[in-house]
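S.K.: with the input below, show me the fold.
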Amino acid sequence: MELRDWLRFAEERLTRANFESPKTEAWMLAAHVLRVDRSWLLAHPETEFNDLAGETLLQRREAGEPLAYILGWREFYGRRFGVDRSVLIPRHETEVLIEAALSLDQTAIGEVLDVGVGSGVLAITLKLERPNWNVTGVDLSPEALATASANARFLKAQVRLINSDRFQALLGESFDLIVSNPPYIGRDETLPAEIAEFEPALALFAEEGGLAFYRQLAREAIACLNDDGLLLMEVGDRQSAAVRQIFLDAGWTPAGVWKDLLGTERVLGFTYLYL
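M.R.: Next comes the predicted model:
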């Protein structure tokens, strides 16, 4: 089958499966099979296409598997990060946390910690954007750490990665900046099957209506934050008021709010004033 014919065939299949961007996805799957980019596809519509390989990918997509897991990567902040089912698929709204961190006075920051590093998008991006920062990432999942390590090697980012349940392996260490995109989905919330059935529950769900991890951060981060240090966290839709109250009750001081493109309060910043 020629490439042009398979692209039409795949687009029709994906359209019937009600995906939002069937044409784009068909082209991405074809590029993945042929190990080429879109411009090559445009220039070689008559090339012979391995429709058996394409069929395998189509069936995985029709079964609801996220495109990023099929392709094995997702773009984040202009870079390609490898992803698999051990880690969340990076979302563009998480780039708000990057922008918040990069807006800070970089001369006041030396040591940075990413709590729940996952695929490494936060830790690695911050290191590459601010090479003078020393960046550490911790995660409870050894599989996620392996993915983050592979991404760090591929992108040539020298970050330190540690297997730890939040701060447990960091006793005696302190940081100028702590960032986190924690699990914040309540266990009773309904998610699309594409997320609920494929992405890791450990990185998605938290007890107490999705607020448990924030309460843990409010209690535990103090011990690892330097004087005048800053904690930046992504929060879920309609969570900012509840999260803000959790930190106020724990003695933290608000230090900024950053909104996403839809106007949702997506990132909250806090400092802790030592008496």
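
S.K.: from here on, contacts and neighbour counts on C-alpha atoms
M.R.: OK.

S.K.: can you list the weak-confidence ranges in this protein?
M.R.: For the chain, applying pLDDT under 70 flags the ranges 275.

S.K.: can you list the domains in it?
M.R.: 3-63, 85-272 (automatic domain parsing).

S.K.: quick one, which of those is packed in tightest?
M.R.: Mean neighbours per residue, mean count of other C-alpha atoms under 10 Å, is largest over the domains of the chain for domain 85-272, with a mean of 18.

S.K.: where do the strands sit along the stretch 51-200 of the chain?
M.R.: 73-76, 79-82, 111-115, 134-139, 160-163, 175-180, 185-186 (DSSP state E, counting those that start in this stretch).

S.K.: list the helices and strands the first one packs on?
M.R.: So the one you mean is strand 73-76. strand 79-82 (3 or more C-alpha pairs under 8 Å, 6 or more residues apart in numbering; DSSP states H and E).

S.K.: what are the pairing partners of the strand it packs on, and which direction each?
M.R.: Strand 79-82 pairs in its sheet with strand 73-76 (antiparallel), by DSSP bridges.

S.K.: list of residues touching the partner strand?
M.R.: For strand 73-76, the external contacting residues (C-alpha atoms under 8 Å, 6 or more residues apart in numbering) are 68, 80-84, 89-92, 95, 121.

S.K.: now render the domains of the chain as CSV, adding distance to residue 73.
M.R.: Converted to CSV, the domains of the chain look like this (distance: least, C-alpha to C-alpha, whole Å):
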stretch, distance to residue 73
domain 3-63, 11
domain 85-272, 9
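
S.K.: returning to what we had before: now, the most widely separated pair of the contacts of strand 73-76?
M.R.: Largest separation among those by C-alpha to C-alpha: 84 and 95, giving 19.7 Å.

S.K.: end to end, how far does stretch 48-67 reach?
M.R.: Taking C-alpha to C-alpha, to the nearest Å as the measure, stretch 48-67 stretches 23 Å from start to finish.

S.K.: residues in contact with it?
M.R.: Looking at what lies outside stretch 48-67 - C-alpha under 8 Å, 6+ apart - the contacts are 1-3, 6, 10, 14, 17, 25, 29-30, 33-34, 70, 193-195, 198.
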